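# this one's structure only:
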């Protein structure tokens with residue numbers, strides 16, 4: 001901390017044995033395993049030797065002499081892990097963790113780093129979904145240490161007028177683009193990934209964040225362009241996606257061979273075209289971008305990707321917003337919840353509204369027939385237990401795709417087929433509910449780009465003992481697309 005400023009430690013700032021176990025024995029081994037699968041490097045001959053005596057921020061960590069003399073065996077990078085209260089660094093109060101590299105080898109690749117996690121944010125998660133969320137925070141910070149930081153990329157800056165394919169890493173983005181200027185990453189893999197994501201061939205590259213304070217601006221992807229990507233500058237309540245965009249940045253850094261198959265689909269802005277990035281979010285409309293923009297504070301909806309229940313999160317600020325970021329003609333101080341989103345008025349997932357997150361109580365299951373599971377998605381529902389259908393609201397329900405145009409929802413313990421273009425499934429008397437589920441068009445959930453859906457024509461043998469243990473053979477088309485182990489669900 002600032003030596004001229006003192007801060008009182010509170011009980012939440014103490015690293016308890018339980019918090020230490022979570023960080024050291026659960027989070028970090030999982031994060032290390034992830035990057036071991038994702039990245040390969042040219043290994044040093046012998047032991048990895050460091051040269052610095054101190055590594056890190058806010059006082060850092062003293063580097064053991066043995067790391068400088070004898071070196072560290074079987075290591076590609078040394079990460080010094082601490083769990084100290086976060087005070088003056090970065091965004092202070094709401095900062096969960098921070099990380100950065102300390103030393104690089106002769107090629108510029110990081111070989112030592114400091115990673116600090118605030119103890120007050122290390123409460124052991126109540127379920128696997130929350131633990132997975134914390135894991136993505138760890139991946140975010142370690143990515144800063146491995147590649148994504150201005151200090152690491154400073155030697156790869158290009159002039160603003162450098163051609164997009166000229167090998168430069170970032171160039172100044174001139175003019176007002178979507179309401180502001182900034183930096184644009186124009187390296188080859190990143191530029192191709194950005195063009196493919198938005199479906200915009202004239203896009204020069206991927207924009208870096210132009211808002212936020214020290215440690216945010218220029219050190220993350222622009223949140224309005226890539227909201228749920230794990231390397232944007234603020235954590236959202238929804239999933240953080242490790243997309244092909246950041247994998248492309250690892251590749252263009254020049255130090256890593258990247259396992260591109262680990263890239264995840266980023267739904268935000270996917271296939272939205274050049275207008276999504278070149279124009280203002282004030283021009284977004286519900287027919288082309290359903291469930292993105294909202295106008296009524298508190299209005300409830302499914303999230304844009306149907307993975308969560310969401311609400312319209314508007315804020316009335318103390319002063320007028322910048323002219324380019326005003327979206328309500330009569331209310332110049334009204335805008336969306338995040339400055340990093342350029343104040344765009346968008347639906348925000350409830351912190352406890354993710355459909356894959358186990359529910360804290362059985363209320364919604366008992367009264368509205370909701371389910372919470374990895375394949376559950378948000379749909380409009382009027383299901384209820386009363387004598388009549390309930391008021392329409394967003395709800396989480398189990399879904400499955402049989403192919404790109406065949407969507408099914410589970411209602412009353414049965415799988416029910418949806419019309420391919422979307423429509424209503426009415427509850428049956430035997431479902432013990434009244435009302436209906438409103439199916440979205442199958443393409444919203446099932447039409448994965450480039451997917452070759454497997455089709456079963458036979459299962460041999462067709463019957464076996466209830467105790468299980470019988471090997472089965474699957475026959476059909478496109479089965480080669482499946483990667484073992486393959487889970488097969490039987491029943492209604």
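Thanks, I have it. Small disclaimer: the values here were computed from a predicted structure and weren't measured.

# which residues in the stretch 101-250 of the chain form helices?
Ranges of helices within the stretch 101-250 of the chain are 128-146, 150-153, 188-198, 244-253, based on DSSP state H, counting those that start in this stretch.

# how near is the nearest residue to residue 263 once chain neighbours are set aside to residue 471?
Nearest residue to residue 263, sequence neighbours excluded (CB to CB, 6 or more residues apart in numbering): residue 244, at 3.7 Å. For every residue, glycine as well, the C-beta is placed using N, CA and C. Distance, residue 244 to residue 471, by CB to CB, to the nearest Å: 37 Å.

# Looking at the two, which is more packed in?
Shown here are residue 244 and residue 471; by other CB atoms under 10 Å, residue 244 has more neighbours (23 against 7).

# what's that one in contact with, if anything?
Residue 244 is in contact with 193, 196, 197, 260, 263, 266, counting by CB atoms under 8 Å, 6 or more residues apart in numbering.

# and the gap between the first one and residue 80?
With the distance defined as CB to CB, residue 193 ends up 32 Å from residue 80.

# of these two, who's got more company?
residue 193 (26 against 20).

# For the closest residue to the more buried one other than its chain neighbours, give its distance to residue 408.
If the residues on either side of it in the chain are set aside, residue 193 comes closest to residue 248, at 4.1 Å by CB to CB, 6+ apart. For residue 248, the distance to residue 408 equals 35 Å [CB to CB].

# now do residue 364
The gap separating residue 364 from residue 408 is 21 Å, by CB to CB.

# Likewise for residue 460?
For residue 460, the distance to residue 408 - CB to CB - is 25 Å.

# So residue 444 is in contact with residue 306, correct?
Yes. Taking CB atoms under 8 Å as the definition, residue 444 is a contact partner of residue 306 at 6.6 Å.

# Which of the two has more residues huddled nearby?
Taking other CB under 10 Å, residue 444 and residue 306 do not tie; residue 306 has more neighbours (22 against 17).

# what residues are up against the more buried one?
Going by CB under 8 Å, 6+ apart, residue 306 touches 291, 355, 377, 378, 379, 440, 444, 445.

# Give me the pLDDT value at residue 174.
Reported pLDDT at residue 174 in the predicted model: 36.

# So residue 444, which state does it fall into?
Classification of residue 444 by DSSP: H, G, I helix; E, B strand; the rest coil places it in helix.

# so how far is residue 371 from it?
Distance check for residue 444 against residue 371: by CB to CB, it reads 19 Å.

# can you tell me which residues contact the most centrally placed residue in the chain?
Using CA atoms, centre = their mean, the residue of the chain that lies closest to the mean C-alpha position is residue 240, 1.4 Å off. Contacts of residue 240 were listed using CB under 8 Å, 6+ apart, and they are 133, 136, 137, 139, 140, 228, 229, 230.

# picking that back up, the residue nearest to residue 193: neighbouring residues, count only.
Residue 248 has 24 nearby residues by other CB under 10 Å.

# Secondary structure of residue 377: a strand, I assume?
Yes. Assignment of residue 377 by three-state DSSP places it within a strand.

# which residues sit against stretch 133-152?
With CB under 8 Å, 6+ apart as the test, stretch 133-152 has contacts from 27-28, 30-31, 34-35, 39, 77, 79, 96-101, 104, 108, 110, 113-115, 117, 125, 153, 218-220, 230-231, 235, 239-240, 242, 246, 249-250, 253, 255-256.

# now it, how far from the chain's geometric center?
Distance of stretch 133-152 from its chain centroid, counting by CA atoms, centre = their mean, to the nearest Å, is 13 Å.

# Check stretch 389-406 too.
Relative to its parent chain, stretch 389-406 has a centroid offset of 23 Å by CA atoms, centre = their mean.

# Buried residues in it, which are they?
Within stretch 389-406, the residues that count as buried by 16 or more other CB atoms under 10 Å are 389, 390, 394, 395, 396, 397, 398, 399, 401, 404.

# Pass me the low-pLDDT residue ranges in the stretch 151-300 of the chain, would you?
In the predicted model of the stretch 151-300 of the chain, residues 154-182, 236-237 satisfy pLDDT under 70.

# how about the strands of it, start to end?
Assigned by DSSP state E, counting those that start in this stretch, the stretch 151-300 of the chain shows strands spanning 170-177, 180-185, 206-207, 257-258, 300-302.

# contacts for the third one?
Put plainly, it is strand 206-207. With CB under 8 Å, 6+ apart, strand 206-207 has contacts from 173, 177, 182-185, 190-191, 193-194, 221-222, 225-226, 245, 277.

# Helix, strand or coil: sort out residue 34 for me.
Per three-state DSSP, residue 34 ends up helix.

# Now do the residue lying closest to it once chain neighbours are set aside: how many residues are near it, please.
Among residues not flanking residue 34 along the chain, residue 139 sits closest, at 6.2 Å (CB to CB, 6+ apart). For residue 139, the neighbour count with other CB under 10 Å is 21.

# cool, residue 279 as well?
14.

# Quickly list what residue 409 is bridged to.
Here residue 409 sits in beta bridges with residue 399, residue 416, as judged by DSSP bridges.

# Was I right to think it contacts residue 395?
No. Between residue 409 and residue 395 there is no contact under CB under 8 Å: 10.7 Å.

# which residues do the two both contact?
In contact with both residue 409 and residue 395: residue 379, using CB under 8 Å, 6+ apart.
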